[in-house]
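> Sequence plus predicted model, see below.
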Amino acid sequence: MSATPTGPGQTPEPLAVLRQGEGDAEVELRRSYPTTADDLWDALTAPGRVRRWLGALHGDLQPGGTVQLRMGDDVPGADDVATCTVLACEPPEHLRLDWRFPGEEVSRVDVALVPRGAQGTELVLRHARLADGAARGYAGGWHVVADQLDDHLAGRQVRSWDDLFDARLALYPAAGPRAS
């Protein structure tokens, strides 16, 4: 499922597919951006750029390293900080992380960048090993992140999480079919 990016004020369509299994749910989001894989990788991994559209990124983005993504205030120990162990980092193609968010079990995030020629680059984000009840929230949340990244890449003012989240969450009313 690859959706066309929507601009500010347009009605969005779902970007993510939810799968739910025996306590092992996952979200897969796909979105194309009109840029190169190198530029998209930089927007996703360079601390100075990530800060402009998502939050503060601290740490060592090398296999075995630890990074923190502070999505609210740039304060260690805040409740909106993802602490991740880097399992794979292959610029500009693939990033795999063990994702730790306060109050949740460890889950797995895989990001792949797929060049699509004149269409730019497709971002494929898969967030797996989620508790069944968390998948819908992550689908809405990753959709917001994809929209904010689009704003950043297009040079627009980045819309806030609070302005986007409820509308994006509403696009994902229930988990999809059980994973096979």
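Thanks, I have the structure now.

> what about the protein, any weak spots by pLDDT?
Across the chain, the ranges flagged by pLDDT under 70 are 1-11, 75, 77, 174-180.

> Could you check how far the residue most central in space within it is from Arg70?
In the chain, the centroid-proximal residue (CA atoms, centre = their mean) is Trp142; its distance is 4.4 Å. To Arg70, Trp142 is 17 Å away according to CB to CB, to the nearest Å. The C-beta positions use only the backbone N, C-alpha and C, and glycine is treated the same way.

> swap in Gly141?
15 Å.

> same check, this time on Gly120
From Gly120 to Arg70 the distance is 29 Å (CB to CB).

> next one: Val109
For Val109 relative to Arg70 (CB to CB), the value is 16 Å.

> Trp99 now?
Counting by CB to CB - Trp99 and Arg70 are separated by 14 Å.

> same check, this time on Cys89
Per CB to CB, Cys89 is found 19 Å from Arg70.

> for Ala131, same thing?
23 Å.

> what do you get for Ala46?
Counting by CB to CB, the gap from Ala46 to Arg70 is 15 Å.

> Who are the packing partners of the longest helix belonging to the chain?
The single longest helix within the chain, with elements called by DSSP state H, is helix 135-154. In terms of contacts (3 or more CB pairs under 8 Å, 6 or more residues apart in numbering; DSSP states H and E), helix 135-154 is packed against strand 16-19, strand 25-33, helix 37-45, helix 47-53, strand 121-130, helix 161-169.

> In its sheet, which strands sit next to the fifth one, and in what direction?
For strand 121-130, the pairing partners within the sheet under DSSP bridges are strand 25-33 (antiparallel), strand 107-115 (antiparallel).

> Between helix 135-154 and it, find me the angle.
160 degrees (axes from the mean of the first three to the mean of the last three CA atoms, to 10 degrees).

> Buried residues of strand 121-130, list them for me.
Neighbour-count burial for strand 121-130 flags Thr121, Glu122, Leu123, Leu125, Arg126, His127, Ala128, Arg129, Leu130 (criterion: 16 or more other CB atoms under 10 Å).

> want to throw those residues into TSV with distance to Arg19?
Below are the buried residues of strand 121-130 laid out as TSV (distance: CB to CB, whole Å):
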residue	distance to Arg19
Thr121	24
Glu122	19
Leu123	18
Leu125	14
Arg126	10
His127	11
Ala128	9
Arg129	12
Leu130	10
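
> closest to Arg136 among these?
Nearest to Arg136 out of the buried residues of strand 121-130 is Leu130 (CB to CB; 9.7 Å).
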